[in-house]
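Student: Build the 3D model from these lines:
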Amino acid sequence: MIELDSEQQAARDWFEALRDRICAEFEAIEQEAGSDARFDYLAWDRADPSGEHGGGGVRGVMKGKVFEKVGVNVSTVGGHFEGDFAKTIHGAGEDPRFFATGISLVAHMANPHVPAVHMNTRFLVTTKRWFGGGADLNPPIPYDADTADFHARLRTACDAHDETHYPRFKKWADDYFYIPHRKVHRGVGGIFYDHLEGDFAENFAFTRDVGEAFLDIFPAIVRRRMHQSWSPEEKAQQLEWRGRYAEFNLVYDRGTLFGLKTGGNIDAILMSLPPEATWS
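Tutor: Take a look at the predicted model:
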């Protein structure tokens, strides 16, 4: 077992509690749609290259009537970064030891009118300590009302802590969730932040509020759209859009690279990929 200090334990406990609440809400949506789909959980362990026990996590996946495929992962890992990869991580250039705990979620929806979504929050420790994460909406068929409500809820969470957070973190998301070779954004944005150092209590409170904002607004958007009918053309539009999503996650996403470089569970890392996609 990894020995955790009080801050590390508090962050881990929160991420796992948030996972439980999100999964319960998503299962409730499935029940409302007449489905008995439930999350399937798989625990995994990580062996650190140093020979020490490197922690592990739990991969949760559900395939239902509304959520065609949704993954909600929590992990708490530690050990040593290998080789030059340490130089790419904040605070790890001179000392490759690290600790990381977090939650990562990606939902791909059956109905093309319901947006896909990504959410991740994490706490990392190297020679520095910081929070990172965010949430972004990824609709195959965008609706202005959904985009506005999603951003408004995230802005409320940000403004409760620092009125500079939302414009700064929104731009960060716009810049990060961009597919250069397609010259398009992955979705309609959200917020993204990283290397949030300083006062642990304040940064932890902000990170919790990001999780609460997600849990508040995304299920509301799902319930708004999940009963809409769709055409074969709209389904085809969704599948082609999913191809763009897969391209970003495999080519550019830093979280995918971090998981692969630190010996994470492959199925958990790649749960972000859609269950079906097309390239025309």
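Student: Tell me how far residue 3 lies from residue 78.
Tutor: Using CB to CB, to the nearest Å, residue 3 is found at 9 Å from residue 78. Quick note: C-beta positions are derived from backbone N, CA and C, even for glycine.
Student: For the two, indicate the residue with more neighbours.
Tutor: The neighbour comparison of residue 3 against residue 78 (other CB atoms under 10 Å) goes to residue 78, with 21 against 8.
Student: Nearest residue to the more buried one in space, please, no chain neighbours.
Tutor: In space, and not counting its chain neighbours, residue 78 is closest to residue 99: 4.2 Å by CB to CB, 6 or more residues apart in numbering.
Student: Where do the strands of this structure begin and end?
Tutor: Secondary structure of the chain (DSSP state E): strands at 40-47, 53-62, 67-80, 97-109, 116-125, 129-138, 178-179, 184-185, 189-196.
Student: Which of those strands sits closest to residue 162?
Tutor: strand 189-196 (10.3 Å; CB to CB).
Student: May I have the strands that pair with that closest one, each with its orientation?
Tutor: Strand 189-196 sits in its sheet next to strand 129-138 (antiparallel), going by DSSP bridges.
Student: Quick one: mean pLDDT for the partner strand?
Tutor: Average pLDDT, strand 129-138: 98.
Student: Residue 119 bridge partners, please.
Tutor: Judged by DSSP bridges, the bridge partners of residue 119 are residue 105, residue 135.
Student: In this structure residue 94 contacts residue 127, no?
Tutor: Yes - applying CB atoms under 8 Å, one finds residue 94 in contact with residue 127, separated by 6.9 Å.
Student: the more surrounded of the two?
Tutor: Remark: of residue 94 and residue 127, residue 127 carries more neighbours, 12 against 9, as counted by other CB under 10 Å.
Student: That one is in contact with residue 96, isn't it?
Tutor: No - counting by CB under 8 Å, residue 127 stays clear of residue 96, with 10.0 Å between them.
Student: returning to that earlier point: please tell me the pLDDT value assigned to the residue nearest to residue 78.
Tutor: 93.
Student: got a list of what it touches?
Tutor: Applying CB atoms under 8 Å, 6 or more residues apart in numbering to residue 99 gives the contacts 2, 4, 8, 77, 78, 124, 125.
Student: The same query, at a cut-off of 10 Å, please.
Tutor: When contacts are counted by CB atoms under 10 Å, 6 or more residues apart in numbering, residue 99 touches 2-5, 8, 11-12, 55, 76-79, 123-126, 129.
Student: what about the closest residue to residue 34 other than its chain neighbours, how many neighbours?
Tutor: Leaving aside its sequence neighbours, residue 34 sits nearest to residue 65 (CB to CB, 6+ apart; 6.9 Å). Residues near residue 65, counting by other CB under 10 Å, number 17.
Student: show me the contacts for residue 65.
Tutor: Contacts of residue 65 (CB under 10 Å, 6+ apart): 29, 30, 31, 32, 33, 34, 35, 36, 37, 110, 111, 226.
Student: Helices along the stretch 151-280 of the chain, start to end?
Tutor: 165-176, 200-225, 232-251, 254-261, 266-269 (DSSP state H, counting those that start in this stretch).
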